[in-house]
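Asks: pasted the sequence and its predicted model underneath.
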Amino acid sequence: MTPLAVNSPVSGRVVPLTEVPDQVFANAMVGPGLAVEPDRAAGAALAPVDGTVAALHPHAFVVATEDGAAVLVHLGIDTVKLKGEGFTLHVVKGEKVRAGQPIVSWNPADVEAAGYAPICPVVALDAVAETLEPRQADGPVGAGEVLFSWRR
């Protein structure tokens, strides 16, 4: 089976999940993946894969592929406390999306100014670390570029 390319939802610097200032992500309790320390510019977080929006909150979303692979994108840490302020949704739950399609607009600089870490974990749900082939961590990535491949 061809590995699933999981694309970065935002532009920035790739970092390992262990650098996320939240133990649930840092310890891969949700699943394996990578994080992106985003550029501090307003813009849209993009769908990481083709699929259906399985969960949607202003600060986080899950896109599930046709074969059941689900990818979580979390825009910042503890950003649920912003109660949606500063986030604009472009899709609805249950909508089919294409990789690279804008899902949520936000401004990482505003998140940081509000006292929250804008880092973005990108997690392969219900996966094991050995099935992921990450790109080189600690380097630049553009929104829509491959972040990791997921062998399913």
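Replies: The structure has been received and is ready for your questions.
Asks: contacts, neighbours, all on C-alpha from now
Replies: Noted.
Asks: which parts of this structure are strands?
Replies: For the chain, applying DSSP state E gives strands covering 4-7, 12-16, 33-38, 43-46, 51-57, 60-64, 70-74, 88-89, 96-97, 102-106, 120-125, 132-134, 140-141, 146-150.
Asks: now the angle between strand 12-16 and the last one, please.
Replies: Interaxial angle of strand 146-150 relative to strand 12-16 (axes from the mean of the first three to the mean of the last three Cα atoms, to 10 degrees): 30 degrees.
Asks: show me where pLDDT drops low in this structure?
Replies: Residue ranges of the chain with pLDDT under 70: 136-137.
Asks: residue at max distance from the center of it?
Replies: M1 (23.5 Å; Cα atoms, centre = their mean).
Asks: related to what we said a few turns ago, quick one: closest of the strands of the chain to A114.
Replies: Closest approach to A114 among those (Cα to Cα): strand 102-106, 12.9 Å.
Asks: go through the closest one and flag the buried ones.
Replies: For strand 102-106, the neighbour count (16 or more other Cα atoms under 10 Å) marks 102-106 as buried.
Asks: packing partners of it?
Replies: Under the contact definition 3 or more Cα pairs under 8 Å, 6 or more residues apart in numbering; DSSP states H and E, strand 102-106 sits against strand 43-46, strand 88-89.
Asks: identify all contacting residues around that strand.
Replies: Residues from elsewhere that reach strand 102-106, judged by Cα atoms under 8 Å, 6 or more residues apart in numbering: 42-47, 58, 86-91.
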